[in-house]
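**Student:** Based on what follows, work out the 3D shape:
(one chain, ligands or ions: 1)
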Amino acid sequence: MTNKEFTEKHPNALFNLKKSLFTKECIKINTCPHASLFSACPTARLSINRKRLDFGPKLTTMPVMKLYPLKFKPLFKERIWGGQQLKAIFGKDLPADEKIGESWELADLPDDKSEIVNGPLAGQTIDHVITTYGEAITGKTDYQPPFPLLIKILDARDDLSVQVHPDAELCQKTGKGDPKTECWYIIDAAEGAAIYKGLAPGTTKEQFAAAIENGTCADLLQRVPVKVGECHFLPSGTCHAIGAGLLIAEIQQPSDTTYRVFDWNRVDPKTGQGRQLHVEDALESIHFDPSGDNLSVESHGRLVDAPEFKVDKGHQSAGCETLLEGEMKVLVILSGSGEIIAEGIESTPFVKGDCLLIPAVFTGAMQFADDCEYLVTTI
Ligand SMILES: [Zn+2]
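**Tutor:** Okay, the predicted model is just below:
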């Protein structure tokens, strides 16, 4: 079969693409001669003449330079419930003695725009490079800013506030705020750690309003114990909170519209006061009948399949390689390390905790130096 047919049939195949792939006439690709066993048997070999390979979109659509995997400077956010786990687990360069709750790995919000740190585009912000390169990065002809994904890693040493984000319909109706559908991938969990995901079945707006009033609303939330490797989907309108003892990769729509319902009667030591609540807006935003909502939880393969974004989990062994091509991807490396190689482009190393934006026109290979787990988000 031709390479095009081959890659169509095996979109997730483990290609053993050596660096020489791009410089030699003839390459070898690790595969199984029995096509259906391909992913299970990466040791058999198949030679394909390079001339027959179709490496996806040619790079001629790029105005100036070859686009490459982009890495960003994390934006660290001090939070009352945060800690120093992002340094302990991912080696992130946190300011000492600050409770860092969030590392914004990729953001395009009015006051927070991620800055590229690698390659020729270093120093430029995400919005600027997308304005310049457009479809070559996003793969979309109808792209409208802001960048449609907000990627964070959260370190919850204490419970986060109980909150909700309005859905698109309500934002449209009120002309206020932006929707935020999100998912939480559990990277690390203390014994017994839990999240709060939606309300107990049958809870009415009146009951919940009364419970907020008398400080017992947490009793009406569904407390869900979580395990490492689970991905919980939370569409806009779901009342939620992250519990203490969790390290989470959060993938969400780009919005900072959060209506806080309850903050566990906490006092912010910096202000001596409780944080602001937004009870009326929250009551308006919560889906009191969530029967039509997809509150999925997945641990393997496609973790999220929503109109807003898709998330897949990848797991590769040391020495394996996989192709990157065909559409824009955002990678979050959960464990392991390796590098991304491509013709005529300096290799891009990655380690756990990294977030990389792979432009749609990019064609290359991910090489894994260690066993590696990672999330792939597409739009
Ligand atoms: Zn949220």
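
**Student:** Pull out the CA atoms of stretch 139-153 and give them to me as PDB.
**Tutor:** Backbone C-alpha positions of stretch 139-153 (Å, rounded to 0.1, in the frame of the first residue of the first chain) are rendered in PDB as follows:
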ATOM      1  CA  GLY A 139      -5.400  24.500  10.700                       C
ATOM      2  CA  LYS A 140      -8.700  26.400  10.600                       C
ATOM      3  CA  THR A 141      -9.800  28.800   8.000                       C
ATOM      4  CA  ASP A 142     -12.500  30.300  10.300                       C
ATOM      5  CA  TYR A 143     -10.300  30.900  13.300                       C
ATOM      6  CA  GLN A 144     -11.300  33.800  15.500                       C
ATOM      7  CA  PRO A 145      -9.200  34.900  18.500                       C
ATOM      8  CA  PRO A 146      -8.700  34.200  21.300                       C
ATOM      9  CA  PHE A 147      -6.900  30.900  21.100                       C
ATOM     10  CA  PRO A 148      -9.600  28.400  22.000                       C
ATOM     11  CA  LEU A 149      -7.800  26.500  24.700                       C
ATOM     12  CA  LEU A 150      -6.600  27.500  28.200                       C
ATOM     13  CA  ILE A 151      -4.200  24.900  29.600                       C
ATOM     14  CA  LYS A 152      -3.300  24.900  33.300                       C
ATOM     15  CA  ILE A 153      -1.700  22.700  35.800                       C
END
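
**Student:** So what's the model's average confidence on that stretch?
**Tutor:** For stretch 139-153, the mean pLDDT works out to 94.

**Student:** Tell me what the residue nearest the centre of the chain is bridged to.
**Tutor:** Closest to where the C-alpha atoms of the chain average out (CA atoms, centre = their mean) is residue 251, at 3.9 Å. Beta-bridge pairing for residue 251 (DSSP bridges): residue 151, residue 183.

**Student:** if I look at it, how far off is residue 187?
**Tutor:** The gap separating residue 251 from residue 187 is 12 Å, by CB to CB, to the nearest Å. (Glycine included, C-beta is placed from N, CA and C.)

**Student:** cool, residue 68 as well?
**Tutor:** The spacing between residue 68 and residue 187, counted by CB to CB, is 26 Å.

**Student:** same deal with residue 355?
**Tutor:** In this view, residue 355 and residue 187 are 13 Å apart by CB to CB.

**Student:** ditto for residue 117
**Tutor:** Taking CB to CB, one finds residue 117 at 22 Å from residue 187.

**Student:** The two - which one has more neighbours?
**Tutor:** residue 187 (24 against 13; other CB atoms under 10 Å).

**Student:** Leaving out chain neighbours, which residue sits closest to that one?
**Tutor:** residue 247 (4.4 Å; CB to CB, 6 or more residues apart in numbering).

**Student:** What's the local residue count around the one you found?
**Tutor:** Residue 247 has 23 neighbouring residues, counting by other CB under 10 Å.

**Student:** isn't it right up against residue 155?
**Tutor:** Yes - the pair residue 247 / residue 155 is scored as a contact, 5.7 Å apart, by CB atoms under 8 Å.

**Student:** Domain map for the chain?
**Tutor:** Partitioning the chain according to automatic domain parsing yields domains covering residues 1-54, 74-113+150-305.

**Student:** Tell me which of those sits nearest to residue 374.
**Tutor:** domain 74-113+150-305 (9.9 Å; CB to CB).

**Student:** hang on, the earlier thing: quickly list what the residue nearest to residue 187 is bridged to.
**Tutor:** residue 155, residue 188.

**Student:** Contact partners for it?
**Tutor:** By CB atoms under 8 Å, 6 or more residues apart in numbering, residue 247 lies in contact with 85-86, 89, 153-156, 186-189.

**Student:** next one: residue 225
**Tutor:** 192-194.

**Student:** Kindly indicate which of those lies nearest residue 81.
**Tutor:** residue 193 (13.0 Å).

**Student:** My read is that that closest one contacts residue 242, right?
**Tutor:** No - with contact defined as CB under 8 Å, residue 193 does not reach residue 242; the gap is 9.1 Å.

**Student:** Those two - which one has more neighbours?
**Tutor:** The neighbour comparison of residue 193 against residue 242 (other CB under 10 Å) goes to residue 242, with 26 against 19.

**Student:** pLDDT score for the more buried one?
**Tutor:** In this model, residue 242 is scored at 97, pLDDT.

**Student:** Distance of it relative to residue 196?
**Tutor:** Distance of residue 242 to residue 196, given as CB to CB: 8 Å.

**Student:** Burial check on the closest residue to residue 358 other than its chain neighbours, number of neighbours?
**Tutor:** The shortest distance from residue 358 to any non-neighbouring residue, by CB to CB, 6+ apart, is to residue 329 (4.4 Å). Close neighbours of residue 329, defined as other CB under 10 Å, add up to 21.
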